[in-house]
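A.B. asks: Any chance you can model this:
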Amino acid sequence: MPTAGTASTVEVEAVISAHPDVFDVAVVGMPDPVRDEVPIAFVVPAPEAPDTLDVELVAWCAQRLSKAKRPRSFTIVDELPRTSVGKIRKFVLRGEDG
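C.D. replies: Presented below is the predicted three-dimensional model:
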């Protein structure tokens, strides 16, 4: 997923957030030796989400996204890091210093 084009991450986030057991999601590009960057998803589950949500999301995305746009991994988190105005701090998810 190109760093310059956030449209791809927005599309992937929209597909994942449409899953009924997803409360919040952020997708970031991570370095990859073959494709330069690949999408990685961080997901906050809905309160009653099953423990198998990450597995369900793999199938969900396989039905709705092209292979190149599908996240390479799903990390289940309690919350997403946000700024004081509520914007997701994606650089924190990528492990970068801010």
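
A.B. asks: which regions of the chain lie under the pLDDT threshold?
C.D. replies: For the chain, residues meeting the criterion pLDDT under 70 lie at 1-7, 98.

A.B. asks: Helices of that one, start to end?
C.D. replies: When assigned using DSSP state H, the helices of the chain occupy the ranges 6-17, 53-64, 90-93.

A.B. asks: Columns mean neighbour count on top of the ones you listed, output as a markdown table?
C.D. replies: (Glycine included, C-beta is placed from N, CA and C.) What follows is the helices of the chain, written out as a markdown table (neighbours: other Cβ atoms under 10 Å):
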| stretch | mean neighbour count |
| --- | --- |
| helix 6-17 | 17 |
| helix 53-64 | 15 |
| helix 90-93 | 16 |
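
A.B. asks: Out of the ones you listed, which gets nearest to E37?
C.D. replies: The closest of these to E37 is helix 6-17. By Cβ to Cβ, the value is 9.7 Å.

A.B. asks: The spatially closest residue to I16 that is not a sequence neighbour: how many residues sit nearby?
C.D. replies: Among residues not flanking I16 along the chain, V25 sits closest, at 4.6 Å (Cβ to Cβ, 6 or more residues apart in numbering). For V25, the tally of surrounding residues (other Cβ atoms under 10 Å) stands at 24.

A.B. asks: Contact partners for V25?
C.D. replies: 13, 16-17, 41-44 (Cβ atoms under 8 Å, 6 or more residues apart in numbering).

A.B. asks: Give the residue farthest from the middle of this protein.
C.D. replies: S84 (21.1 Å; Cα atoms, centre = their mean).

A.B. asks: got the contact list for the spatially most central residue of the chain?
C.D. replies: For the chain, the residue whose C-alpha lies nearest the mean C-alpha position (Cα atoms, centre = their mean) is A41; its distance is 2.2 Å. Applying Cβ under 8 Å, 6+ apart to A41 gives the contacts 12, 16, 25-27, 57, 71, 73-75.
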